[in-house]
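In: All I have is the shape, not the residue letters:
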């Protein structure tokens with residue numbers, strides 16, 4: 001797997017000092033692929049727990065569990081997947097070093113409560129333009145696992161409207177509630193990615 005120049009830039013941002021990183025732009029740009037790749041890299045580096053959340057679990061299951069995650073493992077971590085286990089009861093992916101990546105949908109209250117009963121080193125909100133600000137804030141309370149990894153929150157979405165909390169937080173660098181400028185704007189980083197940045201990995 002060869003990352004394109006724009007993807008290299010996005011990957012560098014995911015690993016930067018910024019605690020919150022959003023990748024946004026059109027579909028097929030590789031946003032979700034890069035976020036999952038970064039999570040697996042972190043999970044393999046240290047025993048840890050990570051969460052991938054979307055508004056609807058069925059959408060997450062189809063797009064990430066059965067598509068993006070297998071592709072990431074095959075292309076970026078060859079030979080590792082055969083030593084991993086996908087628990088289809090609680091829906092978590094266990095890596096060879098005992099790290100876990102949990103998957104859930106915020107539309108399922110019982111499932112959300114189960115996932116948010118644990119602490120995580122990484123929180124990834126997939127298609128976060130569909131996720132309410134209050135749900136995002138609730139999820140961030142569980143970004144608290146004590147490991148050698150820096151706590152990180154990843155976000156991806158199609159370009160949001162200027163009124164959406166993602167635009168206010170990452171582009172306007174302001175608190176979506178109070179509209180006051182962030183005291184620590186450098187903690188929030190974003191990059192635009194589009195399919196034209198990923199042509200080398202797309203079919204004609």
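Out: Ah, there it is. Predicted model only: the values in this text are computed from it and were never measured.

In: quick one: low-confidence ranges for this protein?
Out: Residues of the chain that meet the criterion pLDDT under 70 lie in 1, 194-204.

In: same thing but at 90, please
Out: Low-confidence segments of the chain, defined by pLDDT under 90: 1-7, 25-30, 107-116, 158-163, 193-204.

In: does the residue nearest in space to the middle of it sit in a helix, a strand or a coil?
Out: Nearest to the geometric centre of the chain sits residue 124, at 2.8 Å (Cα atoms, centre = their mean). Secondary structure, DSSP: H, G, I helix; E, B strand; the rest coil: residue 124 is strand.

In: so it bridges to which residues?
Out: Beta bridges link residue 124 to residue 52, residue 154, judged by DSSP bridges.

In: can I assume it is in contact with residue 51?
Out: Yes. Look at residue 124 against residue 51 with Cβ atoms under 8 Å: they come within range, at 6.9 Å. The C-beta positions use only the backbone N, C-alpha and C, and glycine is treated the same way.

In: how about the helices in this structure?
Out: Assigned by DSSP state H, the helices in the chain fall at 5-14, 31-45, 57-60, 69-76, 109-115, 133-140, 165-166.

In: Contacts for the longest one, please.
Out: Think helix 31-45. 3, 7, 10-11, 14-15, 23-25, 48, 50, 52, 63-64, 68-69, 71-73, 76-77, 80, 95-97, 99-101, 121-122, 124, 126, 148-149, 152, 154, 156, 193 (Cβ atoms under 8 Å, 6 or more residues apart in numbering).
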